[in-house]
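Undergrad: Sequence unavailable; structure follows:
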Ligand SMILES: Nc1ncnc2c1ncn2[C@@H]1O[C@H](COP(=O)(O)OP(=O)(O)OP(=O)(O)O)[C@@H](O)[C@H]1O
Ligand SMILES: O=P(O)(O)OC[C@H]1O[C@](O)(CO)[C@@H](O)[C@@H]1O
Ligand SMILES: [Mg+2]
């Protein structure tokens, strides 16, 4: 059970400097829409969970609210900031970079901001990466493009060398924008910073199109990526309905978490089956997926199947498990396997079929953020700047149950966010598709 110690936020020291935003905060109080800096956000959100703790309300575990503080730790005129983006692309990376730079410059008066190129390798001299000076002029329109103007990478880098670079450039605040690996990397940086007795704040903005970071409502860019994915589901549905025995098969990103598959399916409401990593399925036999699909195609003449890339890995025999440069497991190609098995099964059963396979892959994550995600990114960037200027470190900023909060990095990587097979989302998917609770 999560307790106070899991939610405690580290600070570099007391905030002694009046914030340039202080005037705007004078009338601020806790309301339905904001939480005052001295207040806390409850961690539990059901009576049964809170009640099970059997403690007075004042002792319930709570999160530090995000947002501007009256007093800050860093002197803006003397503050130097670094920004880095790591891991896979995600819509909104440029929006976050832009939001950080604009907030730092325009509202806090920070004048020295640099971007490190190509992820954590941008800190390491042997790669020869340059640093990019970031100003409002440079970032003003970068949100029009997908990707990240700083570039990104996978692969382990030595935290000692990263902190060497921070020291050489006299960086006071480092913003890391990335997923679970990036946050783990940032924790290593914090460890070295502490060992060297430095006062450098490291604040994360969590990034993942897979939506697999826990304790947050939804990661930025997820909504854009899932909207892009609906285009492939629609195309698969049109193709399936336009051919005798048409089967539209769509493989979507999602290594360990099937959120993109679930939400894009719900958005289109065209799919008959959704297969995700969290819900194992049998392929063969009377109750297996293939027989169910055969009956569906025979009854209705067509079917649409959405499969998350991490689903059904146990069925892939010829796959040699390996890891990418960051240590992420390389998955077998479930999409191609399903395409082959579906055709073979329908052929064998004498059912005319036309299987059309869609793998939109990188196309869903390389696009610019949609307006909702852009607004979300900007707000996350604001929250990250407020947190860092107030000397918070080893935290990510996140929106949880619609409140911006500070979540310690250790908690953010303590587990993965999954589609709960017993939860409401999966239930909605089962209702929308009409597929059985389990195959086999
Ligand atoms: N376990 C780890 N410990 C320290 N650093 C790590 C660790 N895993 C990854 N990193 C660092 O973080 C960077 C990004 O990690 P990774 O490639 O796993 O992407 P990610 O941040 O998890 O994003 P994605 O959502 O794309 O997986 C790596 O290049 C590496 O430098
Ligand atoms: O091929 P790459 O760039 O290493 O990344 C692929 C992976 O990255 C993600 O998009 C997460 O960032 C996963 O959904 C996907 O499996
Ligand atoms: Mg990751």
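TA: Yep, that arrived. Bear in mind that the values here come from a model prediction, so they are computed numbers and not experimental data. Ligands and ions are numbered 1, 2, ... in the order given.

Undergrad: The residue of the stretch 251-400 of the chain found nearest ligand 3: neighbour count?
TA: Closest residue of the stretch 251-400 of the chain to ligand 3, CB to the ion: residue 328 (5.9 Å). Placement of C-beta: from N, CA and C, glycine included. Per other CB atoms under 10 Å, the neighbour tally for residue 328 reads 17.

Undergrad: which ones are touching it?
TA: Listed by CB atoms under 8 Å, 6 or more residues apart in numbering, the contact set of residue 328 reads 154, 181, 255.

Undergrad: Out of those, which comes closest to residue 22?
TA: Closest to residue 22 out of the contacts of residue 328 is residue 181 (37.1 Å), distances taken as CB to CB.

Undergrad: Give me the phi and psi angles of the closest one.
TA: Per-residue torsions, residue 181: phi -60, psi -40 (degrees, to the nearest 10).

Undergrad: same check, this time on residue 397
TA: Per degrees, to the nearest 10, the backbone of residue 397 is at phi -100, psi 140.

Undergrad: ok, what's across the strand from it?
TA: Beta-bridge pairing for residue 397 (DSSP bridges): residue 406.

Undergrad: just to revisit the earlier point, could you pick out which of the contacts of residue 328 are near ligand 3?
TA: Subset of the contacts of residue 328 in contact with ligand 3: residue 181, counting by CB under 5 Å from the ion.

Undergrad: so which of the contacts of residue 328 are also by ligand 2?
TA: Under the cut-off given by CB under 6 Å from any ligand atom, ligand 2 has 154, 255 from those close to it.

Undergrad: pLDDT value on the residue of the stretch 251-400 of the chain closest to ligand 3, please?
TA: Reading off the confidence values, residue 328 has pLDDT 90.

Undergrad: what about the strands in the stretch 1-150 of the chain?
TA: Using DSSP state E, counting those that start in this stretch, the strands of the stretch 1-150 of the chain run over 10-11, 17-18, 41-42, 62-65, 71-72, 80-85, 112-116, 131-133.

Undergrad: Can you give the distance of the fourth one from its chain's centre?
TA: Distance of strand 62-65 from its chain centroid, counting by CA atoms, centre = their mean, to the nearest Å, is 21 Å.

Undergrad: From residue 87, how far out is residue 298?
TA: Using CB to CB, to the nearest Å, residue 298 is found at 44 Å from residue 87.

Undergrad: ok, those two, which is more surrounded?
TA: Taking neighbours as other CB under 10 Å, residue 298 and residue 87 compare with residue 87 leading, 24 against 15.

Undergrad: check contacts around the residue of the chain found nearest ligand 2.
TA: The nearest approach of the chain to ligand 2 comes at residue 88, 2.7 Å away (CB to the nearest ligand atom). For residue 88, the contacting residues are 152, 154, 179, 209, 365, by CB under 8 Å, 6+ apart.

Undergrad: In the residues you listed, which residue is surrounded by the most others?
TA: residue 209 (28 neighbours).

Undergrad: who touches the residue lying closest to residue 37 once chain neighbours are set aside in this structure?
TA: Spatial nearest neighbour of residue 37, excluding adjacent residues (CB to CB, 6 or more residues apart in numbering): residue 69 at 5.2 Å. Counting by CB under 8 Å, 6+ apart, residue 69 touches 15, 19, 25, 37, 386, 389-390.

Undergrad: On the pLDDT front, check residue 69 for me.
TA: Reading off the confidence values, residue 69 has pLDDT 96.

Undergrad: One more: residue 319?
TA: Per-residue pLDDT puts residue 319 at 69.

Undergrad: Same question for the one 5 residues further on.
TA: The predicted local distance difference test score for residue 324 is 92.

Undergrad: mind checking which helix or strand residue 203 is in?
TA: Assigned by DSSP states H and E, residue 203 belongs to strand 201-206.

Undergrad: quick one, that strand and strand 80-85 angle?
TA: Direction vectors for strand 201-206 and strand 80-85, defined by axes from the mean of the first three to the mean of the last three CA atoms, to 10 degrees, enclose an angle of 30 degrees.

Undergrad: Which strands and helices lie in contact with strand 201-206?
TA: Counting contacts by 3 or more CB pairs under 8 Å, 6 or more residues apart in numbering; DSSP states H and E, strand 201-206 packs against strand 173-178, helix 180-195, helix 371-389, strand 392-393, strand 395-400, helix 409-412.

Undergrad: related to what we said a few turns ago, mark which of the contacts of residue 69 are buried, thanks.
TA: For the contacts of residue 69, a burial check counting by 16 or more other CB atoms under 10 Å picks out 15, 19, 37, 386, 389-390.

Undergrad: Same list (these) but as JSON lines, adding pLDDT.
TA: Formatted as JSON lines, these follow (pLDDT from 0 to 100):
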{"residue": "15", "pLDDT": "98"}
{"residue": "19", "pLDDT": "97"}
{"residue": "37", "pLDDT": "93"}
{"residue": "386", "pLDDT": "98"}
{"residue": "389", "pLDDT": "98"}
{"residue": "390", "pLDDT": "98"}
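
Undergrad: now, the most widely separated pair of those?
TA: Pairwise over those, using CB to CB, the maximum falls at 37 and 389, 12.5 Å.

Undergrad: So which bits of stretch 74-94 are buried?
TA: The neighbour-count check on stretch 74-94 (16+ other CB under 10 Å) flags 74, 76, 79-94 as buried.

Undergrad: Kindly report the same for stretch 299-312.
TA: For stretch 299-312, by 16+ other CB under 10 Å, it's 302-312.

Undergrad: what does the stretch 201-350 of the chain have sitting close to ligand 2?
TA: Going by CB under 6 Å from any ligand atom, the residues of the stretch 201-350 of the chain near ligand 2 are 208-210, 253-255, 309, 324.

Undergrad: What of the stretch 1-150 of the chain?
TA: By CB under 6 Å from any ligand atom, the residues of the stretch 1-150 of the chain that approach ligand 2 are 87-88.

Undergrad: give me the low-pLDDT residue ranges for this protein?
TA: Within the chain, the segments meeting pLDDT under 70 span 319.

Undergrad: How is it divided into domains?
TA: Here the domain assignment for the chain is 5-219+369-400, 222-366+421-433, based on the TED database.

Undergrad: For the stretch 1-150 of the chain, which segments are assigned as helices?
TA: 4-7, 22-25, 47-53, 93-102, 136-139 (DSSP state H, counting those that start in this stretch).

Undergrad: could I get these as a markdown table with distance to residue 115?
TA: What follows is the helices of the stretch 1-150 of the chain, written out as a markdown table (distance: least, CB to CB, whole Å):
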| stretch | distance to residue 115 |
| --- | --- |
| helix 4-7 | 31 |
| helix 22-25 | 28 |
| helix 47-53 | 41 |
| helix 93-102 | 7 |
| helix 136-139 | 9 |
